[in-house]
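Trainee: A structural model of the following input is requested.
(one chain, ligands or ions: 1)
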Amino acid sequence: MKIGFIGLGNMGGGMAANLAKAGHEVHAFDLSGEALARAGEAGCHPASEAAAAVNDMEAVVTMLPAGEHVRKVYEYEVVINGDPGTLVIDCSTIDVDSARDVATMAEAKGLVPVDAPVSGGIAAANGGTLTFMVGGSEEGFKRAEPILSDMGKAVIHAGANGAGQAAKICNNMLLGASMIATCETFKMAEKLGLDLQNFYDISSKASGQNWSMTSYCPVPGVGPQSPADNSYEGGFAAALMLKDLRLAMAAAESAGAEVPMGAKAQALYEQYAEAEGQGGMDFSGIINMLGKN
Ligand code: NAD
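Mentor: Just a heads-up that it's a prediction; the model follows:
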């Protein structure tokens, strides 16, 4: 299949390479010459401008930093240059309102839009093991599924346009809050004199069990291998968790949802990632801030 790919950064670079590896003819574009050259080495056709990654394509995938970039690329490149019937898949993590707006814009031109944000980091993007949460029509989902399957291990239809982004930020709000709860619990267990491995053995089999504890334990040497065992490097950056929590707070406000735990998680990640300058650390590193006093 002839696929355009715009945004070849940490995530998009590996994703475009996996599409090429699966046998697609990938016309890739990025503002960065270095990213473009890497895509060429990975089997993609580097495009000289964004329009060349949209014209005559059966599908166009975007993987850009934020809503403002997606709006701009859709308005000035994808919608203007896309042929009617072209499937347009945005995999960036952006706000629900922008996702719905660009879908409306694309539909008005006869394009078939889906939002398909991902769960999984750079390793999953490189390894082709991402999970995609898809918002769009039945037709859009049916057409996007085989393409997304070439970049991931699970592709789930969440509902109409914008529903993929909504599912992603709801999931990540829960993850942010549950990571902080797990961190403060281990710090309290320590202060109460509990052996942390022993507490893990108990709580991981009791009602406190959760993903942040048993798949991504923030305590070094406890639970499965995680960024905690690598000095909190690699994994999912605290700055990206903060970005997702801010998107979640904006969505909660526009939907009129009450999210006190999400709001507290945002405030704490703001302190950790920005005030304390730890945005590049894995998000489980917040345990070190909670354990200071
Ligand atoms: P990144 O900053 O590494 O890559 C973004 C790329 O987009 C850059 O190469 C940049 O040059 C390019 N770009 C920006 N504007 C452009 C334009 N107008 N035309 C063409 N290219 C343009 O970001 P990333 O880490 O790859 O993340 C991409 C998206 O995936 C974000 O929305 C992020 O929140 C989401 N995400 C990231 C991770 C992660 O672990 N990095 C995990 C899940 C989701």
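Trainee: now do the nearest residue to residue 75 once chain neighbours are set aside against residue 65, distance only.
Mentor: Distance criterion CB to CB, 6 or more residues apart in numbering; nearest residue to residue 75, sequence neighbours excluded, is residue 105 at 6.8 Å. In this view, the C-beta of every residue, glycine as well, is placed from N, C-alpha and C. Remark: distance between residue 105 and residue 65 (CB to CB, to the nearest Å) = 19 Å.
Trainee: settle it for me: which of these two has more neighbours?
Mentor: Neighbours were tallied for residue 105 and for residue 65 using other CB atoms under 10 Å; the higher tally belongs to residue 105 (17 against 13).
Trainee: distance of the more buried one from residue 98?
Mentor: Separation of residue 105 from residue 98 (CB to CB): 10 Å.
Trainee: what does residue 119 give?
Mentor: 19 Å.
Trainee: give me the more crowded residue out of those two.
Mentor: residue 98 (22 against 19).
Trainee: I'd say that one and residue 70 touch.
Mentor: Yes - the pair residue 98 and residue 70 qualifies as a contact (CB atoms under 8 Å) at a distance of 6.1 Å.
Trainee: list the buried residues for the strand ranked longest in the chain?
Mentor: With residue count as the measure and DSSP state E as the assignment, the chain has strand 152-159 as its longest strand. Within strand 152-159, the residues scored as buried using 16 or more other CB atoms under 10 Å are 152, 155, 157, 158.
Trainee: given that strand, what are its sheet partners and their directions?
Mentor: Strands that pair with strand 152-159, judged by DSSP bridges, come out as strand 130-135 (parallel).
Trainee: list the contacts of the helix or strand just after the partner strand.
Mentor: For strand 130-135, the succeeding helix or strand toward the C-terminus, using DSSP states H and E, is helix 138-149. Outside helix 138-149, the residues that touch it by CB atoms under 8 Å, 6 or more residues apart in numbering are 1, 3, 19, 24, 59, 61, 87, 89, 112-114, 116, 132, 134, 136, 155, 157.
Trainee: pull out the buried members of the residues you listed.
Mentor: Here, 16+ other CB under 10 Å leaves 3, 19, 24, 59, 61, 87, 89, 112-114, 116, 132, 134, 136, 155, 157 buried among those.
Trainee: okay, now the residue nearest to residue 232 when sequence neighbours are not counted: neighbour count?
Mentor: Of all residues not flanking residue 232 in the chain, residue 285 sits nearest, at 3.5 Å (CB to CB, 6+ apart). Residues lying near residue 285 (other CB under 10 Å) number 23.
Trainee: and for residue 92?
Mentor: That count, for residue 92 with other CB under 10 Å as the rule, works out to 25.
Trainee: name the SS class of it, please.
Mentor: coil (DSSP: H, G, I helix; E, B strand; the rest coil).
Trainee: let's have the chain start at 421 instead
Mentor: With 421 as the first residue, the last one maps to residue 512.
Trainee: wait, it sits on residue 426?
Mentor: No - using CB under 8 Å, residue 512 makes no contact with residue 426, being 10.0 Å away.
Trainee: taking strand 572-579 as reference, get the angle to the stretch of helix or strand residue 609 belongs to.
Mentor: Here residue 609 is covered by helix 583-611, with elements defined by DSSP H and E. Per axes from the mean of the first three to the mean of the last three CA atoms, to 10 degrees, the angle that helix 583-611 makes with strand 572-579 is 110 degrees.
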